[in-house]
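Undergrad: the sequence isn't on hand, but the structure is:
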């Protein structure tokens, strides 16, 4: 299992991100054509769109997975009904998002606002449901290479187009949004083949009321859970905007998120690869394999995030030496180290998805979001973006470890979560304190960490592979 998992992870979690890594390398060429206001507007537009994204799929996303395993020979009928519901819902959803963006963009005196609204809203109305279903089908069929190829093509086009629009045409933040539209269109065309041509899955619009109620009874409680991701990840920008923090300060904060964002995409992709394996192991009661999976992922992420954080100061200096960005790497360290929550969140909650236990999930995920928003509302007026970065870390750590402590959450297998919790906290403090040591010391420490990781994972797999 593990050899296949690592192969697919390399394909799906790394290959599609190569164009985004390319985007990272062209960032120095973009920096002369961007300022903190561009980063601020870009981050706030995504934040306002994210404010409504939690009910985009009406909580039905998980139903694609559960129906595939529970209704193996007639899942396509179930999917077609869900497709129909989402297609109908996409119209009022797009209108709601449009109103929110219109009021925000009007206050910012955006040029070409009609065109910008079109490129932001049209994919919500037409593209995204098909992309969602095609992506899920490939994942469940373990056809990771196909997803990697599609996303790589669309990403390469997006990177190249954003360079042309920002550098050659001087469109600033608009260049990012226009290139995102083209990337979404390419994904739609590619995934349309598997959905409409190969699998012949089309939306069914004639749905009985009791069938709709049955779907929504299960799915709607997942909406607050889905919303928690936004509350933890993006809502801090809205709180900063609510308190009228200068757009350039928000831009600096959003810039500090750029580098953790690239890592989080890979982190998220690893989770997407792991989820079908978890579901299969869980259904066969191979809980030991799942434990091995989570432990390996936790070690990979910790060494990876620590190493990147160690070099953040040098990384940012590669892209810009402007004084306004000098402190960004400090916030980047705190934000990136918080991503170590994911393996433990997976270990303590994924069985709840299989059991469709949305109530228990809310105690974990939604409360993490409430913590984030509440603390931001209290501390941002006093400490600004410094508070936002630290609160992001606190919220993610709660999200990762609270599931082990909440009463009633019966885990399939036990984990020594307290030890991992202390390791993450101490590692974050340590890398923060040594962030300015000499390059020679950093290089030595990096080589030691890589060698340690190699030996640890090699021995762990050798002892536990396919038990």
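TA: Cool, the structure landed. No experiment lies behind these values; they were computed from the predicted model shown.

Undergrad: for residue 51, the count of nearby residues, please.
TA: Counted with other CB atoms under 10 Å, residues neighbouring residue 51 total 18. C-beta: built from backbone N, CA, C; applies to glycine.

Undergrad: next up, the contacts around it.
TA: 100, 230, 234, 235, 238 (CB atoms under 8 Å, 6 or more residues apart in numbering).

Undergrad: using the three-state scheme, assign it.
TA: Secondary structure, DSSP: H, G, I helix; E, B strand; the rest coil: residue 51 is helix.

Undergrad: distance-wise, check it relative to residue 237.
TA: Distance, residue 51 to residue 237, by CB to CB, to the nearest Å: 10 Å.

Undergrad: ok, residue 184 next?
TA: For residue 184 relative to residue 237 (CB to CB), the value is 22 Å.

Undergrad: look at these two and report which has more neighbours.
TA: residue 237 (26 against 20).

Undergrad: any idea how far the more buried one is from residue 373?
TA: 12 Å.

Undergrad: same question for residue 120.
TA: Residue 120 is 24 Å from residue 373, by CB to CB.

Undergrad: these two: which is more packed in?
TA: Shown here are residue 120 and residue 373; by other CB under 10 Å, residue 120 has more neighbours (21 against 17).

Undergrad: what's around residue 319, how many residues?
TA: Residue 319: 20 neighbours (other CB under 10 Å).

Undergrad: no no, residue 301
TA: 21.

Undergrad: just give the nearest non-adjacent residue to it, would you?
TA: Spatially, and ignoring its direct neighbours in sequence, residue 301 is nearest to residue 340 (5.3 Å; CB to CB, 6 or more residues apart in numbering).

Undergrad: I figured the one you found hits residue 303, correct?
TA: No. Contact between residue 340 and residue 303 fails when scored by CB atoms under 8 Å: they sit 10.1 Å apart.

Undergrad: and those two? Which one has more around it.
TA: In this view residue 340 and residue 303 are compared by other CB under 10 Å, and residue 340 has more residues nearby, 27 against 19.

Undergrad: against residue 371, how distant is that one?
TA: Look at residue 340 and residue 371: by CB to CB, they are 18 Å apart.

Undergrad: likewise for residue 120?
TA: Taking CB to CB, one finds residue 120 at 30 Å from residue 371.

Undergrad: returning to what we had before: keep only those of the contacts of residue 51 that are in strands.
TA: Judged by DSSP state E, the contacts of residue 51 include no members of strands.

Undergrad: where is pLDDT lowest across these?
TA: Least confident of the contacts of residue 51 in the model: residue 230, at 65.

Undergrad: where in this structure is the helix or strand with the lowest mean pLDDT?
TA: Sorting the helices and strands of the chain by mean pLDDT, DSSP states H and E puts helix 2-9 at the bottom, at a mean of 58.

Undergrad: next one: phi and psi at residue 72?
TA: With angles defined as degrees, to the nearest 10, residue 72 sits at phi -50, psi -40.

Undergrad: what is the neighbour count of it?
TA: For residue 72, the neighbour count with other CB under 10 Å is 8.

Undergrad: swap in residue 112?
TA: By other CB under 10 Å, 12 other residues sit near residue 112.

Undergrad: thought it was touching residue 175?
TA: No. Taking contacts as CB under 8 Å, residue 112 lies outside contact range of residue 175: 11.8 Å.

Undergrad: now for the helix or strand where residue 115 lies, which elements pack on it?
TA: For residue 115, the element it lies in under DSSP states H and E is helix 113-122. For helix 113-122, the packing partners by 3 or more CB pairs under 8 Å, 6 or more residues apart in numbering; DSSP states H and E come out as helix 75-107, helix 173-192.

Undergrad: looking at these, which is buried most?
TA: Burial of the helices and strands packed on helix 113-122 is given as mean neighbour count (mean count of other CB atoms under 10 Å); helix 173-192 ranks first at a mean of 20.

Undergrad: so what touches it?
TA: Residues outside helix 173-192 that contact it (CB under 8 Å, 6+ apart): 34, 38-39, 41-42, 45, 112, 116, 119-120, 122-123, 126-128, 130-131, 133-135, 150-151, 153-155, 157-159, 161-162, 164-166, 169, 171.

Undergrad: report pLDDT for residue 18.
TA: For residue 18, the predicted pLDDT is 59.

Undergrad: the chain should start at 32 in everything you say after this.
TA: Sure thing, new numbering starts at 32, so read that last one as residue 49.

Undergrad: check residue 211 and give its pLDDT.
TA: Residue 211 carries a pLDDT value of 91.

Undergrad: also the one 3 residues further on?
TA: In this prediction, residue 214 carries a pLDDT score of 91.

Undergrad: next one: residue 466
TA: Residue 466 is assigned a pLDDT of 90 by the prediction.

Undergrad: residue 293 versus the nearest residue to residue 225 once chain neighbours are set aside, what's the distance?
TA: Excluding the flanking residues, the one nearest residue 225 by CB to CB, 6+ apart is residue 165, at 4.7 Å. The gap separating residue 165 from residue 293 is 24 Å, by CB to CB.

Undergrad: so for these two, which sits in the more crowded spot?
TA: Counted by other CB under 10 Å, residue 165 and residue 293 do not tie: residue 165 has more neighbours, with 25 against 17.

Undergrad: hang on, the earlier thing: from the contact counts, what lies against the helix or strand where the residue nearest to residue 225 lies?
TA: Using DSSP H and E, residue 165 maps to helix 159-171. Applying 3+ CB pairs under 8 Å, 6+ apart, one finds that helix 159-171 makes contact with helix 92-101, helix 106-138, helix 175-194, helix 204-223, helix 278-314.

Undergrad: mind checking the pLDDT average for the shortest one?
TA: Right, helix 92-101. Average pLDDT, helix 92-101: 78.

Undergrad: show me what counts as buried in that helix.
TA: Of all the residues in helix 92-101, those buried under the rule 16 or more other CB atoms under 10 Å are 92, 93, 94, 95, 96, 97, 98, 99.

Undergrad: so residue 141: helix, strand or coil?
TA: Residue 141 - assigned by three-state DSSP - is coil.

Undergrad: for it, list the residues it contacts.
TA: 72, 147.

Undergrad: mind redoing it with 10 Å?
TA: Residues in contact with residue 141 (CB atoms under 10 Å, 6 or more residues apart in numbering) are 72, 76, 132, 135, 147, 148, 204, 205.
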